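> Requesting a structural model of the entry that follows:
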Amino acid sequence: MRGLPLAAWAYVCGVAALAAVLVGTSSFEGRWPTLAVLALLFILCDSVPAVLNIERARVSLGFTVGLASVVLLGPGGAALVCLSAIATGQLRFAPVKRLFNGAQFALCGYAAGQVYLAFGGRAGEPEAEYFPSIIAPFVAAVVTYVAVNLALICGILLLSRQVSVRDFRWEPIAQLSAGYLGYGMLGLLVAGLWRVPYLAVLAFI
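Below is the predicted model:
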């Protein structure tokens, strides 16, 4: 991402600063073991993206872990887990792209967490009897995550002049959104199986 226009650099710095503020002002007391495991799982999944049936399209399964974090940890915890994308194993990414990806994922996780709570969801390991009631809040969180993610990516593409408004092809974006939404629902399964961690990990296999 060398030679970025000034507006694009400002955008990247703004996204990174906002993510830092949100994570820095959140409380993680008593959640560090779960945070550590989820962050490691996020990095591993982000390092091996899934291929969609769209030209050059890849989906990071890390965001599935981020959505599971929405349920297990709430907005702040989800933001911190998603921020771990900075340490992705996709070595071809330049440092500035790693920074932007981690920061924008953090904003997605935080926004999804806020919507999840606003729709009546509860942060923490879901009890069996409570599980059905979190499905609707979780769906709202998935839609929010995907919408924020696509908006932030479109912003950097436009400001870095990699694409113009006229060049946008909305059909592939719609297909990509559908792929994200589908994989996103896997996050609810991961959260539901979290009491037996190895089963949660097997959900990705």
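> Could you give me the buried positions within the helix or strand that contains P33?
Here P33 sits within helix 32-47, counting by DSSP states H and E. Residues 34-35, 37-39, 41-47 are the ones in helix 32-47 that count as buried (16 or more other Cβ atoms under 10 Å). For every residue, glycine as well, the C-beta is placed using N, CA and C.
> from the residues you listed, which single one is nearest P5?
D46 (26.9 Å; Cβ to Cβ).
> which non-adjacent residue is nearest that closest one?
G62 (3.4 Å; Cβ to Cβ, 6 or more residues apart in numbering).
> ok so, going back, so which other helices or strands are in contact with the helix holding P33?
If contacts are counted by 3 or more Cβ pairs under 8 Å, 6 or more residues apart in numbering; DSSP states H and E, helix 32-47 sits against helix 62-83.
> Low-confidence regions, the protein specifically.
Applying pLDDT under 70 to the chain flags residues 1-3, 49-59, 89-91, 163-176, 196-205.
> And the helices in it?
Listed in chain order, the helices of the chain (DSSP state H) span 6-24, 32-47, 62-83, 95-118, 135-159, 170-184, 186-192, 197-202.
> packing partners for the first one?
Same thing as helix 6-24. Checking 3+ Cβ pairs under 8 Å, 6+ apart, helix 6-24 ends up next to helix 62-83, helix 95-118, helix 135-159.
> and the ones you listed, which is most packed in?
Comparing the helices and strands packed on helix 6-24 by mean neighbour count (mean count of other Cβ atoms under 10 Å), helix 62-83 comes out on top with a mean of 29.
> Show me what it is packed against.
Using 3+ Cβ pairs under 8 Å, 6+ apart: helix 62-83 touches helix 6-24, helix 32-47, helix 95-118, helix 135-159, helix 170-184, helix 186-192.
> Need the residues that contact the first one.
Identification of contacts with helix 6-24 by Cβ atoms under 8 Å, 6 or more residues apart in numbering yields 1, 4, 75-76, 79-80, 83, 96, 99-100, 102-104, 106-107, 110, 152, 155-156, 159-161.
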